[in-house]
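Engineer: predicted model and sequence below, questions to follow.
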Amino acid sequence: MATTHGGARFRHGPWRGSATIAQVVPIGGGAVDREATEEISSLVLGLGFHKILTAALGPGEQKPFLEFGYRIHEPLRLLELNLDPDTIDRSTRPTRRMRRRDVAASLAIDTASFTSFWQFDADALGEALSATPTSRRRVVRSGQVVLGYAVTGHANRTGFIQRLAVDPANRRTGVGSSLLADGLAWLQARGARSVLVNTQPENEAALSLYDQFDFVERPGGLAVLCLEASPPRLRSANNEETT
Ligand SMILES: CC(C)(COP(=O)(O)OP(=O)(O)OC[C@H]1O[C@@H](n2cnc3c(N)ncnc32)[C@H](O)[C@@H]1OP(=O)(O)O)[C@@H](O)C(=O)NCCC(=O)NCCS
C-alpha cells in the first residue's frame, strides 16, 4: 500500500507475509524528514504490527529514521562497478533462462545460501524480478540439476545484481562468476554504465568474487533499520488491585 506524508511517498505492508512485522519503503516524492518518519511509523504500528523493518537505506535516508528511534538491524556493504567492456570476464559455463520448473531448485539453493532474514521465498523472488523495469533470471544447470541462479535488474543507466547464489556443493567451480559475467554482459548490452550490489559485511566469498570483477566499495554502505513497538505495559498479578 502506498501513502504520502509531508510530500514523501512510502510503500508499506507485511514483511514476508508476517502478521506482526511490517516493511516500510521510501519510494520517492519529497525528502523523508523526521515528521514524515513519525507519521508513517505511527500509521503502520496503528495497524497492529509490532515491528517495522525498512528497505536497505543509504546513510542520508537512514538519518530521519535513526533520529526517530529506529536501530540498525542489518548493515550491508554497497559495491559498485563502472561498466567497462574490457573488464567483463567471459562466462566459462553456459547460463540458461530460469524456467518455471527451475524455480523450486533455485529457491532451495537460496535457502542453503543465506541466513533466514535474507532468504527468498517465491514472493520475494517475484519482487526482486519486478523491482526494476527490466530484469534477467538465469541459471547454470548440469543436465536438469540447477547449480546456481542469478537475478540481474536494469533501470536507466544502472544495473543491480539482485541475487546470486550457488549450491554449496558446487561452489568454487566457476558457477558464480559465470552467472555474474552473464549479468554484466547483459547490462553492458542494455547501456548500463554502472552496477550496484550489496552484501553482508562478513560475506568473504561474495566480497572476493566482486573484488575479482573490480567492484569497489561505496563509503557509508546501506542498512536495514528496525523499529520495535514498545511492548504493552504488562500488569502482573502482583500489581492488580484486589477489591
Ligand atoms: C558468492 C558465491 C555466489 C560464489 O559462487 P562460486 O560459484 O563459488 O564462485 P566461483 O567458483 O565462480 O568463484 C569465483 C571467485 O570468487 C572468489 N570466491 C568464491 N568463493 C570464495 C570463498 N569461499 N572464499 C574466498 N573467495 C571466494 C574467488 O576469488 C573465486 O576465484 P577462485 O576460485 O579462482 O579463487 C557463493 O559462494 C554463494 O552462493 N554464496 C552464498 C550466497 C551469496 O553470498 N551470494 C552473493 C550475495 S551478494
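Structural biologist: In hand now; what should we look at? Numbers count the residues shown, from 1 in each chain.

Engineer: can you report how many residues lie near the residue in the chain that the ligand sits nearest to?
Structural biologist: The ligand sits closest to Gly176 of the chain, with a gap of 2.3 Å, by Cβ to the nearest ligand atom. To be clear about C-beta, it is placed using only N, CA and C from the backbone, and glycine gets the same treatment. Gly176: 22 surrounding residues under other Cβ atoms under 10 Å.

Engineer: verify the stated contact: it with Arg138.
Structural biologist: No - using Cβ atoms under 8 Å, Gly176 is not in contact with Arg138; the gap is 11.8 Å.

Engineer: about what we covered before: how about the nearest residue to the residue of the chain closest to the ligand, chain neighbours excluded?
Structural biologist: Closest residue to Gly176 apart from its sequence neighbours, by Cβ to Cβ, 6 or more residues apart in numbering: Val166 at 4.8 Å.

Engineer: can you pull the contacts of the one you found?
Structural biologist: Ile109, Ser113, Leu147, Gly148, Val175, Gly176, Leu179 (Cβ atoms under 8 Å, 6 or more residues apart in numbering).

Engineer: need the residues you listed in TSV (columns: secondary structure).
Structural biologist: Below are the contacts of Val166 laid out as TSV (DSSP: H, G, I helix; E, B strand; the rest coil):
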residue	secondary structure
Ile109	helix
Ser113	helix
Leu147	strand
Gly148	strand
Val175	helix
Gly176	helix
Leu179	helix
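
Engineer: and those residues, which is closest to Phe65?
Structural biologist: Closest approach to Phe65 among the contacts of Val166 (Cβ to Cβ): Ser113, at 28.4 Å.

Engineer: among the contacts of Val166, which ones are buried?
Structural biologist: Ile109, Ser113, Leu147, Gly148, Val175, Gly176, Leu179 (16 or more other Cβ atoms under 10 Å).

Engineer: look up how far Arg163 lies from the first one.
Structural biologist: Summarising the geometry, the distance separating Ile109 from Arg163, computed by Cβ to Cβ, to the nearest Å, is 10 Å.

Engineer: any residues in contact with both of the two?
Structural biologist: With Cβ under 8 Å, 6+ apart, Ile109 and Arg163 have common neighbours Tyr149.

Engineer: hang on, the earlier thing: measure the residue of the chain closest to the ligand to Tyr149 for me?
Structural biologist: Here the distance between Gly176 and Tyr149 works out to 10 Å (Cβ to Cβ).

Engineer: next one: Gly13
Structural biologist: For Gly13, the distance to Tyr149 - Cβ to Cβ - is 26 Å.

Engineer: of the two, which one has the most company?
Structural biologist: Taking other Cβ under 10 Å, Gly13 and Tyr149 do not tie; Tyr149 has more neighbours (28 against 15).

Engineer: now that one: closest residue in space that isn't a chain neighbour?
Structural biologist: Spatial nearest neighbour of Tyr149, excluding adjacent residues (Cβ to Cβ, 6+ apart): Ser106 at 4.0 Å.
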